[in-house]
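Q: Build me a structure from this.
(chains A and B)
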Amino acid sequence: MKIVVVGAGQVGSTIVEALHGEHDLSVIDTVRDRLEPLAYRYDIRTIEANGASRRAIQQAGAREADLFIACTSRDEVNLVACSFARVEAPRATIVIRTSNVEYIDLWREGRLDVDFALSSELETAHAVARSIGMPAARQTDSFADGQVQIVELEIPAGADVTVVGRPLREAGIPDDSRVLAIIRESSMTLPGGDDVISEGDRIVVIGSPRAARAWGSLLAPGERAVEDVVVFGGGQVGTAIARTLSEQGIGVRVIEPVLERAREVAEQLPGCRIYNATGIDPDFLERERIGLAHAAVFAMREDAKNHYAATLARVHGVRFTIAVVHDTISTEVYELSGVDVTINPRAVTADEIVRFAHDPRTQQVAMLEGNRFEVLDITTKPESEYVGLRFREMPIRGALIGAIVRDGKALFPHSEEILQAGDRVIVFTERALVADVEKVL
Amino acid sequence: MSPYASARIAGRARLGIDLAGALGLTGMLLAYLSLSSLVPSAVAVGYGEPFWPFLAAGAIAGGVGLGLARLGRRRSTGPIGFREGYLVVSLTWLLAAAYAGLPYLLSGEPQLSRPVDAFFEGMSGFTTTGATVVTDVESLDRSILLWRQLSQWLGGMGIIVLALAVLPRLRIGGRQMFESELPGPEVNQLAERIRDVARRLWLLYIGLTLVLIGALIVVGQSGLDETLSPFDAVGNALSTMPLGGFATENRSLEGFAPVTQWIVAAFMVLAGLNFALLYRALVRRDLRALRRDEEARLYATLLLLGSILVFVEIFDAGLFSGEAAVRQAFFQATSLMTGTGFAITDYANWPALSVMAMIGLMFVGASAGSPSGSVKIVRHLLVGRLLRRELRQTIHPELVVPIRLNGQPVDERTLRAVLAFVVMYVGIFVVGAGLLAIHARFGTVELGITEAIAASAGTLGNVGPGLGVAGPMGSYAPFDASSKLVMALLMWIGRLELLPVLVLLTRNYWRV
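A: Purely as a prediction, here's the structure:
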């Protein structure tokens, strides 16, 4: 597949990293320093030009392109690039990244002429909302309109003994769910009935939303649903997070240090409480009882500030902290100092975009564990060798079918279930095997 | 150039505003307004009464107006700006009141023979206050009586709004002057051009007045209310729609049948709504706009609460029972809250609590964008929200709380203006009451503390009647000349929503 990527920032490079192996990529960016490392590391074509220039788009081979991705950090450039691509790349699926929710809405109403629009802010907000819905989860993704959730869970000390420390076939696993993988240190196993989950492991579970919640309460007994979340930073990301959480009925408090911005946020979010404060003033944290919040999200512009504020909030008693990552390295810094969940907006966005580069039948892809594993959502071909087989008869080749969607409804198959042609299957697999899996199904 | 030249220029006292231009525009407005004297002239001819006082008044006002306009044309330095607007509005209303008083003076009517009385009555007319110095209304000539009612009707929707609607070319943007006559966030959004806004509002106003006249005539002619003549129907409709309060009989509306009183009450409620909303509800058939509007809802709530309070009190005191008690309570509460000032009984004799409720209601007012005076509902709403925010911020000092009206954030400057308005309003009311009490101390009229308060609140709020001698069935005639002047000024300030007049009192207004 021929792909044109406009923008070689963090989103762009994550996309390149994920796609360079199987596809022919052309990357356009104005800054040589961003293109060079990519060109040295991967076998791609780079064009140093403005993405909003028609010539640059032609030069990148748009005419033959199958996929056109505009993912610079500037909406205007992306919009212009996409409108040129509509003419210059007649065959391509066009994907636009935007930071403006208004454009997303326009696209949904069919008034923005692109095939897919997504915003880092919104994707981040959804990621935050998912992990707040599931306090023990490190990462969650949903498929088939939310009927299927894939959750990466950490097994803490004190987890329920019905699932921990005994073989899976004897464990009391919640209905409609399945353990897809057990990750111990850096090795991953696709578990069979004899494998055991133990403390300190991480597991990947697929299941219905209800089952996912059941897993959450099994692993963190005694924790109640989140009702009060404090969001530090009222920028675009923070506002999107606050809005998403507030729409889910969670009480949200936002802390924004700039008064003007705090006013704007307060005007945009009538349901939330907005404070004009730095968030690192101990008196303020004490007075507003920030420590009593169920969770705190750190979405300020600077990672160092997020880091400090998160640590301070933990000192004040916040038990569940989520931090937004801007520099990739911060993920490790955050995790080392005890931040529970880290979310990288650019990685989240790249995940969403990458799915378009997969087989056109593949509807959605999630990347787990720093891109080592992927979750695919594929519609089975009639000629596939798996069609007509019972699940227990299927050969194991480093991939696991976690759920099937038949007639729009999600099923979590027993071993006796038979795979039918046209079923949508949600498959968990290693990166290296993605192409193989797409071939056989 | 000599070094002294610049010093000489700087030494001259210079005006910061284009006085000639402002006077010119005022003159033009007055000249056009003088045409209104033709209506009572025609009525006078019809009733065989002397018509020359009206024509003479019209000629004088027209002459003065044209003279000023000519001065403006010759001396004006440029187009009228934002700053001159305040002077134009204030001056126009002052001159309009004087013009309205001229026919009273010229007609030789004994009850209005003193200039200050004529001015008071004229001001009370145009500002839709409804306070009167005429003790025996029924003895007035029909044409004089109709002129009183007509002046209220003209003043209700605003003289300048009318001018904007009909004048071919007014050399002003108009929005600012429009706002000082008819404030309200909604009003401006009816059309792109201010002239179209003004036209629509006036057409709606005329339409509603015609409906009311029709309804009252039907009631009168069908025998439902035998005391209601067509003249009464027209006269009282002309003072109901602007929430004025001048009546065609000595005892206000007491003599009319309950059905008439109910109809008038209903139209008072209607006229107390924001006309922009009313336009949407009635003309564009968007009733939801009215039902969802926060000001309209609070207006309805306060009307009900006021009525219930008064009802309980008068019912408990055994003054009225059954339908009469409900009607009395609803009519009086509505009349005072909307600043109309009609009465269907002498409520000054009611128990203390209900009289206090009445005085309280005088400070409420009706919606912004209606012809009512006083503080107005939307300001109460915003001040209430400001206070609630203040309480919240006492506990959470860092909390940022935008104040919303109908879901839209209201900017802080507007909020400050609203708060300042309420404070100034109360301040002026207190000063007014104080001045009246002082005058009474040296004057002839017996004035207790409540009467002084009621008179000040009644005139500043453009309500009309007070208590005591100036009660609903009485008149302001016994007051001495200086008190009447004070009250006329209160009406003027109140009608223009304080600011245009108060601004003129600052030095900065006049200087560069």
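Q: Now do the contacts for the nearest residue to B:R292 once chain neighbours are set aside.
A: Leaving aside its sequence neighbours, B:R292 sits nearest to B:N406 (C-beta to C-beta, 6 or more residues apart in numbering or on different chains; 7.4 Å). Using the backbone N, CA and C atoms, a C-beta is placed for each residue, glycine as well. The neighbourhood of B:N406, defined by C-beta atoms under 8 Å, 6 or more residues apart in numbering or on different chains, consists of B:292-295.
Q: Look up phi and psi at B:N406.
A: Torsion angles at B:N406 (phi, psi; degrees, to the nearest 10) stand at phi 50, psi 40.
Q: What separation is there between it and A:R74?
A: Separation of B:N406 from A:R74 (C-beta to C-beta, to the nearest Å): 35 Å.
Q: quick one: low-confidence parts of chain B?
A: Chain B contains residues with pLDDT under 70 at B:1-13, B:78, B:166-189.
Q: Start from the N-terminal end of it and give the strands.
A: With strands called from DSSP state E, chain B shows them at B:399-400, B:403-405, B:408-410.
Q: any chance of those in CSV, plus distance to A:I132 and mean neighbour count?
A: Below are the strands of chain B laid out as CSV (distance: least, C-beta to C-beta, whole Å; neighbours: other C-beta atoms under 10 Å in any protein chain shown):
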stretch, distance to A:I132, mean neighbour count
strand B:399-400, 23, 21
strand B:403-405, 28, 17
strand B:408-410, 28, 15
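Q: now these as JSON lines including distance to A:V179?
A: Converted to JSON lines, those look like this (distance: least, C-beta to C-beta, whole Å):
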{"stretch": "strand B:399-400", "distance to A:V179": "45"}
{"stretch": "strand B:403-405", "distance to A:V179": "49"}
{"stretch": "strand B:408-410", "distance to A:V179": "50"}
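Q: Quick check: of the contacts of B:N406, which has the highest neighbour count?
A: Each of the contacts of B:N406 was scored for neighbours by other C-beta atoms under 10 Å in any protein chain shown, and B:E295 scores highest at 27 neighbours.
Q: what does chain B put close to chain A?
A: Proximity of chain B to chain A (C-beta under 8 Å from any C-beta of the partner chain) is limited to residues B:396-402, B:404, B:407, B:409.
Q: at 7 Å instead, please
A: Within reach of chain A by C-beta under 7 Å from any C-beta of the partner chain, chain B has these residues: B:396, B:398-402, B:404, B:409.
Q: farthest pair in the residues you listed?
A: Largest separation among those by C-beta to C-beta: B:E398 and B:R404, giving 19.6 Å.
Q: Quick one: neighbours of residue 263, just the number.
A: With no chain named, the answer covers chain A. Neighbourhood size, A:R263 [other C-beta under 10 Å]: 20.
Q: nope, chain B please
A: For B:I263, the count of nearby residues is 22 (other C-beta under 10 Å).
Q: Skipping its backbone neighbours, what lies nearest it in space?
A: Leaving aside its sequence neighbours, B:I263 sits nearest to B:A215 (C-beta to C-beta, 6+ apart; 5.5 Å).
Q: now do B:G468
A: Of all residues not flanking B:G468 in the chain, B:E451 sits nearest, at 3.7 Å (C-beta to C-beta, 6+ apart).
Q: In the stretch 101-250 of chain B, what residue spans correspond to helices?
A: In the stretch 101-250 of chain B, the helices defined using DSSP state H, counting those that start in this stretch lie at B:115-126, B:142-156, B:159-166, B:175-181, B:194-221, B:230-240.
Q: again with the stretch 1-150 of chain A
A: Using DSSP H, counting those that start in this stretch, helices in the stretch 1-150 of chain A cover A:10-19, A:32-41, A:54-59, A:75-88, A:101-108, A:120-133.
Q: any weak-confidence spans in the stretch 51-200 of chain A?
A: Scanning the stretch 51-200 of chain A with the threshold set as pLDDT under 70 gives A:134-140, A:144-146, A:186.
Q: Could you pull out the strands in it for me?
A: Per DSSP state E, counting those that start in this stretch, the stretch 51-200 of chain A has strands spanning A:67-70, A:93-97, A:116-118, A:137-143, A:148-154, A:177-184, A:187-189. These are given in chain order.
Q: export the second one as PDB, just CAs?
A: Just to be clear, that refers to strand A:93-97. Output of strand A:93-97 as PDB, limited to C-alpha atoms (Å, rounded to 0.1, in the frame of the first residue of the first chain):
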ATOM      1  CA  THR A  93      -8.500   7.200   1.800                       C
ATOM      2  CA  ILE A  94      -8.000  10.500   3.500                       C
ATOM      3  CA  VAL A  95      -7.400  10.800   7.300                       C
ATOM      4  CA  ILE A  96      -7.100  14.100   9.100                       C
ATOM      5  CA  ARG A  97      -5.900  14.900  12.600                       C
END
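Q: With that, I have no additional questions.
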